[in-house]
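K.L.:
sharing a model that was predicted from the sequence below.
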Amino acid sequence: MALAKVGGLLVFANQLKTEPLYYVANYTLLGERAFCYLPIEGQPILFISEAWDQERAAGESSLRDVRILERNGSRDIAAVCASCDGRLGIVGRELLGRQDIAALETALGRETASATRLLEDVATIKSPYELSLIREAAKMADAGFRKAMEIVKEGLPDHTLVAEIDYAMREMGATDNFQMLAVGKENSGMLLPCGKKIEPGDLLLFEITPANGAVTYSAQLCRTAIFRETPKPLLIEKYRLLIEAHEESLLAIKPGVRISEVARIQNEIIGRAGYSEYCRPPYMRARGHGFGLGRIDVEEDSTVEFAEGMSLVVHPNQFIPETGYLALGESIIVTSDGLERLTRTESKIHECGGMPG
């Protein structure tokens, strides 16, 4: 905070964006809005809008001081922020209405500054505890995929398969799961389940993303499976192209290397095979990304460098005209000299459902 020239942080959250509040207070927002004040010295103070959630908020966050926002909450917040020596930085200032900002600044008697970028930058590097949450999420993703391979059968609707995966991971402690599943002989991209019933010869494209506490602590597994059919040589050949692009790009990851290098390597390898046109929008955008607070995108124009403690998914998911879209990707942690691969599911076209007849 001192380097950013702010004397304290006020973190605002509503249901549009809850991750910053969870990051600083370990509190899952259920109500309309909340603020958490973090002074440079002293204990944080959490303000929530619903009195019925005060007991849970105190227990989940372990904060000693949890208060209810009264009708004129600006005065209450300004009263505790008044001791702030210098500008007050507000995380989520862009989510507040003009009247809210004006009322708070009037009560404070000074202007405030946006500190959203400050917290985003800090959250890019995960603590050992945060990394442990992400490792557990990766185990959930592997388990979710195994569940899918165990139960998939002919005629099963895609949304039922997704529900079973979700249930398996929530039984392990997942608090959320953003999942896509495309089912068909040739898929145009990753899709949300739509009631499609699984048939022999269908490709199943999985993007499984369990969260462990908050979206920020998510891991993702992208894999391709084929139902009740042996993959043809052409399909194997094209999937091997994705595996090559994936493995070569992972070799480049270490602190100090630009994130763009991963995208460049993947696009170069896939482009050499004749698919340069399909390595850019509308077919492809990023070759990976982080999650929630401190998110980073793996794009060729990124100027960000890898640093120890970053966590993200790397995926050469790709549309190929001869086969349709194919999915491959996994979450990693950047270490002092390279990376740690988090998921254990093999990189191959997985055959599922047994063979017909």
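P.N.:
Arrived safely, thanks for sending.

K.L.:
list the contacts for the closest residue to residue 296 other than its chain neighbours?
P.N.:
Closest residue to residue 296 apart from its sequence neighbours, by Cβ to Cβ, 6 or more residues apart in numbering: residue 290 at 4.6 Å. Quick note: C-beta positions are derived from backbone N, CA and C, even for glycine. The contact partners of residue 290, taken as Cβ atoms under 8 Å, 6 or more residues apart in numbering, are 124, 296, 297, 310, 311, 312, 313.

K.L.:
what's the answer for residue 184, then?
P.N.:
Counted by Cβ under 8 Å, 6+ apart, residue 184 has contacts 196, 202, 203, 324.

K.L.:
any idea which of those residues is the one closest to residue 346?
P.N.:
residue 203 (16.8 Å; Cβ to Cβ).

K.L.:
where do the strands sit along the stretch 201-350 of the chain?
P.N.:
203-211, 221-227, 288-289, 311-314, 318-320, 324-326, 329-334, 339-341, 349-352 (DSSP state E, counting those that start in this stretch).

K.L.:
before we move on, back to that, of the contacts of residue 290 - the most surrounded one?
P.N.:
residue 311 (29 neighbours; other Cβ atoms under 10 Å).

K.L.:
wait, residue 16 touches residue 95, no?
P.N.:
Yes: between residue 16 and residue 95 there is a contact at 6.1 Å, judged by Cβ atoms under 8 Å.

K.L.:
higher neighbour count, those two?
P.N.:
Neighbours were counted for residue 16 and for residue 95 using other Cβ under 10 Å; residue 95 has more, 16 against 8.

K.L.:
would you agree that one is in contact with residue 14?
P.N.:
Yes: Residue 95 is within contact range of residue 14, at 5.9 Å (criterion: Cβ under 8 Å).

K.L.:
okay, residue 72: pLDDT?
P.N.:
Note for residue 72: predicted pLDDT of 70.

K.L.:
that one: neighbouring residues, count only.
P.N.:
Counted with other Cβ under 10 Å, residue 72 comes out at 11.

K.L.:
what do you get for residue 287?
P.N.:
30.

K.L.:
measure it to residue 279 for me?
P.N.:
9 Å (Cβ to Cβ, to the nearest Å).

K.L.:
between the two, what contacts are shared?
P.N.:
Common neighbours of residue 287 and residue 279 (Cβ under 8 Å, 6+ apart) are 266, 267.

K.L.:
in the helix or strand of the chain with the lowest mean pLDDT, which residues are buried?
P.N.:
Lowest by mean pLDDT, DSSP states H and E among the helices and strands of the chain is helix 73-81, with a mean of 88. By neighbour count on 16 or more other Cβ atoms under 10 Å, the buried set for helix 73-81 is 73, 74, 76, 77, 78, 80, 81.

K.L.:
could you do stretch 61-75 as well?
P.N.:
61, 63, 66, 67, 69, 73, 74.

K.L.:
possible to save those as a markdown table with secondary structure and distance to residue 138?
P.N.:
Shown next, in a markdown table, are those (DSSP: H, G, I helix; E, B strand; the rest coil; distance: Cβ to Cβ, whole Å):
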| residue | secondary structure | distance to residue 138 |
| --- | --- | --- |
| 61 | helix | 26 |
| 63 | coil | 29 |
| 66 | strand | 33 |
| 67 | strand | 37 |
| 69 | coil | 37 |
| 73 | helix | 40 |
| 74 | helix | 42 |
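
K.L.:
among those, show me the least confident.
P.N.:
Within the buried residues of stretch 61-75, lowest confidence goes to residue 73 (80).
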